[in-house]
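**Q** here is a sequence with its predicted model. Questions after.
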Amino acid sequence: MNQPVLELKNLKKHFISSNGVFSRNKTTVKAVDGIDMTVNSGETVGLVGESGCGKTTVGRTVLKLYEPTSGSIIFDGEEITNFSPRQMKPVRSKLQMIFQDPYSSLNPRHTIGSIIASSYEIHGIHPEGGVKKAVQNLLDRVGLNPEHINRFPHEFSGGQRQRIGIARALALRPKLIIADEPVSALDVSIQAQVVNLLDDLQKEMGLSYLFIAHDLSVVQHISDRVIVMYLGKIMEEAKTSQLFLNPRHPYTKALLSAVPIPDPEIERNRERIVLSGDLPSPANPPSGCVFSTRCWKATEKCHQIAPPLVEISIGSKVACHFPEGN
Amino acid sequence: MSAHNYLEVKKLNVSFPTEDGLVAATSDLTFSLARGETLAIVGESGSGKSVSSLAIMGLHNRARTNISGEVILNLPTGSLELLSSSEDTVRDLRGKEMAMIFQDPMSSLHPYFSVGAQIAEAWLLHNKGNKSDGLKRAIEMLELVGIPLPVERVHDFPHQFSGGMRQRVMIAMALVNNPSLLIADEPTTALDVTVQAQILKLLRDMQKEFNMAIILITHDLGVVAEFADRVNVMYAGKNVEEAPVRDLYYKPAHPYTLGLLRSIPRVDQIDTHRLQTIPGQPPSLINLPMGCAFAPRCPYKELVPNNLCTTKNPELSNFADNHLTRCHLTHDQIESVR
Ligand SMILES: Nc1ncnc2c1ncn2[C@@H]1O[C@H](COP(=O)(O)OP(=O)(O)OP(=O)(O)O)[C@@H](O)[C@H]1O
Ligand SMILES: Nc1ncnc2c1ncn2[C@@H]1O[C@H](COP(=O)(O)OP(=O)(O)OP(=O)(O)O)[C@@H](O)[C@H]1O
Ligand code: SF4
Ligand code: SF4
Ligand SMILES: [Mg+2]
Ligand SMILES: [Mg+2]
């Protein structure tokens, strides 16, 4: 049960960009800057953090859609860090991603039926009862009308497209799904249906999820463990209930205090931590602790020395010189 | 027509002819909005929120879409009905008088132009100035929406930004000409909650400063609770309930709204139970069934006599002051099932 399906060791992905083709001004964006992470078989790990902190980049690098800059990726017991696209092909049938931007990841000239069916074709898989039946079955499970198999992506609403992406990722019954904001475009009732579906599939087939989302109430509901990132680095990692009840990193605490509560009275009279200071850029991260430019507890030490991610209680890690709580 | 209503939408219908038949995406949509006010539109995925907004903005291909009803803007110069106005008239208003933040940032940003060039163009379309003025304005806007290092990043292309940063670029573009009406379609879904709070504050500040009317389309009922004055709930192309924000949360009147409110997971209440859902699926928008579109999923239809729910379409009617619902249940019945 506690077999890791994915292990990342000191993974880095840096983007080198120059402003214009002829410019010599090269900047390095340290989108993912040395992270360690494990996802066990049958487990759901939530990945949260500031917009632009590198969550999608982690996902795309694990799938080898981006070449990792350094570090290693071990999937299902096999080191895939330096796999070629040809070597990746069989891996992809076990490792799927639900993309954050549902529209640009769906080919506008193909019907949704053929988009989902192509997963089977690429990997030479013949589902029981035929491809068409399998596709219709998947559409039904994600709450879409199976009769819409011949429609094109532009004929669907935002949330419907998102579910097409989910159906496609589920088609091959992978071992691990990296779900990048899979339910962000869904109304809460369909969101609940999809979350329950992901739960059911996990129980049926022992699937694991790396669940990237900004909606912390959904993350709380679905995850066994949660990892909090900020500016390319991991700030905190803990069991879900521990993280939500007793956040140790100041950034986690600020993040939780900003979650809007669906109740007008509570929401409009709530205390929250408002972060001051500018968002730093991953091209020019602050020295010392990356959160120090916005942390209300920052001291000279914080500006000088980067705190390492250390285990402070069983299964709970934090990267801070002066953690909150106890 | 009441004087304080800046935008009036009356019996708006939008449908798309397809091979399978006519898709009725929006039917009989009616609401109004004053300047300085925020109306949230929530509802089922696929219920016509985006399609209706695009119709208000005049962004549907008129040749391939059937649109009827009225969309009236009460401008200082007089009232203008947009659906019967020429495409040129609507184009002149769009981007200046009224602007939209699109749900899908990547498909509305051009991949081959820098984000700065795109924001500058939106500004130059309605203002006098040269390219460098436009760029200056673009940097200002990027800073306003919290993009770090705006002076450098203004030259970057959309694919070099994260999902949430692209969304902020879209917001910058929509706000560049200080519009009077802003339709924001899921403006903060790709943002973390701290940036979301910052963007909502920015919208609220701009709303105060320019007395902007805002239509906020979102699935996040926490954001609605915080930000909206009034809420419009849509199901299968129709608005099924409209109420002031507190009434919607504390005294919901439509069975669909009840189901929606029960499905919300909450961070302030740790639970690991299975989430509640509304059983069944929304109807196909081709050949909508007779009667109430929610009837196949409604747990209360038995309370209504004579199978009225499956034979007669409920009209939008008064439930309480400023509170409308589209349901055959009586006031007392609603209070008892709530
Ligand atoms: N192809 C690319 N080229 C250059 N920079 C990139 C590229 N892709 C991402 N980045 C940069 O890397 C950083 C991390 O981006 P990423 O998309 O991983 O963020 P994210 O955590 O998924 O954010 P969001 O929550 O907004 O989706 C950002 O600063 C982004 O601008
Ligand atoms: N061009 C089109 N042709 C046919 N049907 C369409 C077209 N555009 C939208 N639809 C349909 O119209 C309905 C309303 O779509 P719309 O995009 O307005 O939904 P929405 O309420 O914004 O949903 P979401 O919350 O998922 O974004 C959907 O069922 C969709 O499938
Ligand atoms: S190390 Fe210092 S600056 Fe960083 S989070 Fe902890 S207290 Fe704040
Ligand atoms: S009209 Fe009938 S079916 Fe429709 S919501 Fe009301 S009770 Fe339910
Ligand atoms: Mg992302
Ligand atoms: Mg939409």
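**A** On my side now, so go ahead. Numbering: from 1, shown residues only, chains lettered A, B, ... in the order given. Ligands and ions are numbered 1, 2, ... in the order given.
**Q** all helices of chain B, in order?
**A** Secondary structure of chain B (DSSP state H): helices located at B:49-56, B:87-93, B:105-108, B:115-124, B:131-144, B:150-153, B:163-175, B:193-210, B:221-227, B:245-250, B:255-262, B:308-311, B:331-337.
**Q** looking at these, which is closest to ligand 6?
**A** Ligand 6 sits nearest to helix B:49-56 of all those, at 3.2 Å, using CB to the ion. No exception for glycine: its C-beta is placed from N, CA and C like everyone else's.
**Q** just give me the residue closest to the centre of chain B.
**A** The structure's chain B has its C-alpha centroid closest to B:Ile217; by CA atoms, centre = their mean the separation is 3.1 Å.
**Q** so which of the helices of chain B is the most surrounded?
**A** Stretch with highest mean neighbour count among those: helix B:163-175 (a mean of 26; mean count of other CB atoms under 10 Å in any protein chain shown).
**Q** what sits against the residue of the stretch 201-338 of chain B found nearest ligand 3?
**A** Closest residue of the stretch 201-338 of chain B to ligand 3, CB to the nearest ligand atom: B:Val267 (21.4 Å). If you count contacts by CB atoms under 8 Å, 6 or more residues apart in numbering or on different chains, B:Val267 has them with A:216-217, A:220, A:244, A:256, A:259, A:261.
**Q** mind doing that once more with 7 Å?
**A** A:216-217, A:220, A:244, A:256, A:259 (CB atoms under 7 Å, 6 or more residues apart in numbering or on different chains).
**Q** mind giving me a markdown table with the helices of chain B and columns for mean pLDDT and distance to ligand 2?
**A** Below are the helices of chain B laid out as a markdown table (pLDDT from 0 to 100; distance: least, CB to the nearest ligand atom, whole Å):
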| stretch | mean pLDDT | distance to ligand 2 |
| --- | --- | --- |
| helix B:49-56 | 96 | 3 |
| helix B:87-93 | 94 | 19 |
| helix B:105-108 | 72 | 13 |
| helix B:115-124 | 96 | 23 |
| helix B:131-144 | 95 | 26 |
| helix B:150-153 | 92 | 28 |
| helix B:163-175 | 89 | 14 |
| helix B:193-210 | 88 | 18 |
| helix B:221-227 | 95 | 13 |
| helix B:245-250 | 97 | 18 |
| helix B:255-262 | 95 | 12 |
| helix B:308-311 | 96 | 22 |
| helix B:331-337 | 94 | 25 |
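**Q** and of these, who's closest to A:Pro250?
**A** Of all these, helix B:193-210 sits nearest to A:Pro250, with 12.1 Å by CB to CB.
**Q** my read: A:Asn107 touches A:Ile115, true?
**A** Yes. If you go by CB atoms under 7 Å, A:Asn107 and A:Ile115 touch, sitting 6.3 Å apart.
**Q** quick one, which of the two is more surrounded?
**A** Here A:Asn107 and A:Ile115 are compared on neighbour count by other CB atoms under 10 Å in any protein chain shown; more neighbours surround A:Ile115, at 20 against 13.
**Q** now the residue of the stretch 101-250 of chain B found nearest ligand 3. Nearest residue, chain neighbours left out?
**A** The nearest approach of the stretch 101-250 of chain B to ligand 3 comes at B:Thr194, 14.3 Å away (CB to the nearest ligand atom). Leaving aside its sequence neighbours, B:Thr194 sits nearest to A:Ala258 (CB to CB, 6 or more residues apart in numbering or on different chains; 4.8 Å).
**Q** can you get me a residue count around the one you found?
**A** 20.
**Q** confidence score at A:Gln187?
**A** Just so we're on the same page, residue A:187 is Asp rather than Gln. pLDDT recorded at A:Asp187 is 89.
**Q** find the nearest non-adjacent residue to the residue in the stretch 151-300 of chain A positioned nearest to ligand 6, please.
**A** Per CB to the ion, A:Gly158 is where the stretch 151-300 of chain A lies closest to ligand 6, at 4.2 Å. Closest residue in space to A:Gly158, ignoring its immediate chain neighbours: A:Ala185 at 4.3 Å, by CB to CB, 6+ apart.
**Q** now do the contacts for the residue nearest the centre of chain A.
**A** Geometric centre of chain A, nearest residue: A:Ile212, 2.6 Å, by CA atoms, centre = their mean. Contact partners of A:Ile212, counting by CB under 7 Å, 6+ apart, are A:47, A:55, A:59, A:179-181.
**Q** make a markdown table from these and add distance to B:Glu97 and pLDDT to it.
**A** A markdown table is the format used below for those (distance: CB to CB, whole Å; pLDDT from 0 to 100):
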| residue | distance to B:Glu97 | pLDDT |
| --- | --- | --- |
| A:Leu47 | 41 | 98 |
| A:Lys55 | 37 | 97 |
| A:Gly59 | 40 | 97 |
| A:Ala179 | 40 | 96 |
| A:Asp180 | 36 | 95 |
| A:Glu181 | 33 | 92 |
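**Q** mind checking which of those are in helices?
**A** Reading helices off the contacts of A:Ile212 with DSSP H, I get A:55, A:59.
**Q** stretch A:280-294 near ligand 5 anywhere?
**A** No. Judged by CB under 5 Å from the ion, stretch A:280-294 makes no contact with ligand 5; its nearest approach is 13.0 Å.
**Q** just the residues contacting that stretch, thanks.
**A** Stretch A:280-294 is contacted by residues A:27-31, A:230-233, A:235, A:250-251, A:275-277, A:298, A:302-307, B:148-149 when judged by CB under 7 Å, 6+ apart.
**Q** only whichever of these are buried, select them in PyMOL.
**A** The buried subset of those, as determined by 16 or more other CB atoms under 10 Å in any protein chain shown, is captured in PyMOL by this line:
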select buried, (chain A and resi 27+29+30+31+230+231+232+233+235+250+251+275+298+302+307) or (chain B and resi 148+149)
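**Q** what about A:Ser17, helix or strand, and which?
**A** Using DSSP states H and E, A:Ser17 sits within strand A:4-18.
**Q** which secondary structure elements does the helix or strand harbouring A:Lys203 sit against?
**A** Applying DSSP H and E as the criterion places A:Lys203 in helix A:188-205. Judged by 3 or more CB pairs under 7 Å, 6 or more residues apart in numbering or on different chains; DSSP states H and E, the packing partners of helix A:188-205 are helix A:158-170, helix A:216-222, helix B:255-262.
**Q** and the last one, is it in reach of ligand 4?
**A** Yes. Contact of helix B:255-262 with ligand 4 is found when judged by CB under 6 Å from any ligand atom, involving B:Pro255.
**Q** how distant is that helix from the center of its chain?
**A** 19 Å (CA atoms, centre = their mean, to the nearest Å).
**Q** tell me which other helices or strands it touches.
**A** Partner elements for helix B:255-262 (3+ CB pairs under 7 Å, 6+ apart): helix A:188-205, strand B:230-235.
**Q** ok and that helix relative to helix A:188-205, angle-wise?
**A** Angle between the axes of helix B:255-262 and helix A:188-205 is 60 degrees (criterion: axes from the mean of the first three to the mean of the last three CA atoms, to 10 degrees).
**Q** pull the residues that contact helix B:255-262.
**A** By CB under 7 Å, 6+ apart, the residues outside helix B:255-262 that reach it are A:187-189, B:233, B:235, B:240-241, B:248, B:252, B:276, B:278, B:294, B:298-300, B:327, B:338.
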